[in-house]
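Undergrad: sequence plus predicted model, see below.
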Amino acid sequence: MMANAIESAFVGAYLSTFLYGAYIVIVYHCSFVMYHRYKTKQLHMYLLGTHITLFLLINLRCMTTIIRTLYGVMHQEPDGTINLHPLWSSWSLVENSAWVLTILVADAFLIYRTFLVWMNKCTVVFVPLLLFAADAGTGIYLLVILAKSTTTLHRQLNANRSFGIMTLALNVVCTALISYRIWTVHRNVSGTRLGADPLTGVIALIVESAAVYTVLLICLIVTLGTGSFIYYVLFDIQAAVVGIVFSMIIIRVSQGQAHGDSTGTTASSDAIGWQGSADVTNSPQAETCTNLEIRLETTHNEAQHADLKTSNGADHESAVHVTA
C-alpha cells in the first residue's frame, strides 16, 4: 500500500506517461486508417470528430498531468514538501475539465455505437441517454465543486462518487447491450464460416463493447469507496485508457470489422457502413446487423439449396439406371 496521496499521484503520472505513449502510437494508426477512408470518400464525419476531439482532450489532460508533476518536483518547498497544487488551482481545473470532457465524449460515442449495433432502434438507447444526461450533470457539478476553495472534502468525495457511479452505470448498460448483440450475432452464425472462430468473437466483444474501460471504472469506484490511494493512480491513467480503447473501436469501424458497420467480412476496409458515408461503388445503403444476419442466412440457405439440388440430381440419376 502506498504511503500517501502524493506518492500515488506520482506513480499515476508516470504510468499515464507510458500509456500516453501507447495511445500516440495507436492514434497514429487510427489517423492513417481514417485518411484512407477519406481518400476513398467513405469517411464518416462523426468518427473524425470523435477522433479529433478525444485526441485534443487527452493530450491536454496528459500533458497537464505531466507538467504539473514535474513542476512540483522542481519547485519544492524549503522543508522539502512537494506542492502539486490544490484542486481549485488553475492547473487542477484545466486537468479536471479535460478529464470530464474526455469521459463525456467517450460516453456519447459509446451510446452511438449502441444505437448502430442495435439497428438504429431509438428505444434501445433511451435509458443510456437518460444516464448520459445525469452523467453530464454530475460532471458539471463536480467541476463547480472543485473550483471552490471552501468546499469540504466530504462534498468533493460525494460529487466525485456521483459522477463515477453515473459514468459506470452508463458504460455497464451500453457494454451489456453491445455484448449481447455481438453474442447473438455470433450465435446465429456459429455454423457458418464467419462464426467458426470463437477467439475472434471474444476479441470483438471485448474491444467493441469497451469492456476494458468498464472494468477500469469499476476499479475506480471500489478504490474511491474504500479510500485507497490506488484511486489516484487509476484516476491519472483513465484518460489514456479511454483514448486507447475508443481508438481501437474507431479503427475496427473504419476497417469495416465492427458489428453493425460492415457486411460481415473483415478482409476489406471498404466494407464500412456508417450512415451518411459515401460509397464509391454505388452500393445500396450501408448494412446493419440485420443485413449481416440476412446475408449470412441467405448464404446458408443457398448452400442448403445447392445440397438439395445435388441430392435430387443423384436420385434422378439412380432412377434412370433402375428404369434402364
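TA: Nice, I can see it.

Undergrad: thought residue 117 was touching residue 182?
TA: Yes - using Cβ atoms under 8 Å, residue 117 is in contact with residue 182, at 7.4 Å. Every residue, glycine included, has its C-beta placed from N, CA and C.

Undergrad: more crowded one of these two?
TA: More neighbours surround residue 117 than the other of residue 117 and residue 182, with 26 against 23 (other Cβ atoms under 10 Å).

Undergrad: so how far is residue 129 from that one?
TA: Here the criterion is Cβ to Cβ, to the nearest Å. By it, residue 117 lies 15 Å from residue 129.

Undergrad: show me where pLDDT drops low in this protein?
TA: Low-confidence segments of the chain (pLDDT under 70): 1-6, 73, 75-87, 189-209, 256-324.

Undergrad: which residues in it form helices?
TA: Assigned by DSSP state H, the helices in the chain fall at 5-39, 45-74, 90-117, 126-146, 153-188, 198-208, 211-226, 230-254, 289-323.

Undergrad: ranking the ones you listed by burial, who's on top?
TA: helix 230-254 (a mean of 23; mean count of other Cβ atoms under 10 Å).

Undergrad: quick one, that helix and helix 90-117 angle?
TA: Angle of helix 230-254 versus helix 90-117, following axes from the mean of the first three to the mean of the last three Cα atoms, to 10 degrees, is 40 degrees.

Undergrad: does anything pack onto helix 230-254? Which helices or strands?
TA: When contacts are defined as 3 or more Cβ pairs under 8 Å, 6 or more residues apart in numbering; DSSP states H and E, helix 230-254 sits against helix 5-39, helix 45-74, helix 90-117, helix 198-208, helix 211-226.

Undergrad: isn't residue 11 up against residue 234?
TA: No - contact criterion Cβ under 8 Å: residue 11 and residue 234 do not qualify, at 10.4 Å.

Undergrad: against residue 47, how distant is residue 31?
TA: 11 Å.

Undergrad: now residue 109: closest residue in space that isn't a chain neighbour?
TA: Closest residue to residue 109 apart from its sequence neighbours, by Cβ to Cβ, 6 or more residues apart in numbering: residue 50 at 4.9 Å.

Undergrad: no no, residue 106
TA: Using Cβ to Cβ, 6+ apart, the nearest residue to residue 106 is residue 242, at 4.9 Å.

Undergrad: the closest residue to residue 23 other than its chain neighbours: what's it in contact with?
TA: Spatial nearest neighbour of residue 23, excluding adjacent residues (Cβ to Cβ, 6+ apart): residue 243 at 4.2 Å. Going by Cβ atoms under 8 Å, 6 or more residues apart in numbering, residue 243 touches 23, 26-27, 54-55, 58, 102.

Undergrad: quick check: the farthest pair among those?
TA: Greatest spatial distance in the contacts of residue 243: 26 and 102, 15.3 Å, computed using Cβ to Cβ.

Undergrad: may I have stretch 98-110 exported as CSV, CA atoms only?
TA: What follows is stretch 98-110, C-alpha atoms only, in CSV (Å, rounded to 0.1, in the frame of the first residue of the first chain):
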residue,chain,number,x,y,z
ALA,A,98,-10.2,17.9,-19.8
TRP,A,99,-10.8,14.7,-17.9
VAL,A,100,-14.6,15.2,-17.5
LEU,A,101,-15.0,16.2,-21.2
THR,A,102,-13.0,13.2,-22.3
ILE,A,103,-15.3,10.9,-20.4
LEU,A,104,-18.4,12.6,-21.8
VAL,A,105,-17.2,12.4,-25.4
ALA,A,106,-16.3,8.7,-25.0
ASP,A,107,-19.7,8.0,-23.4
ALA,A,108,-21.5,9.8,-26.2
PHE,A,109,-19.6,7.7,-28.8
LEU,A,110,-20.4,4.5,-26.9
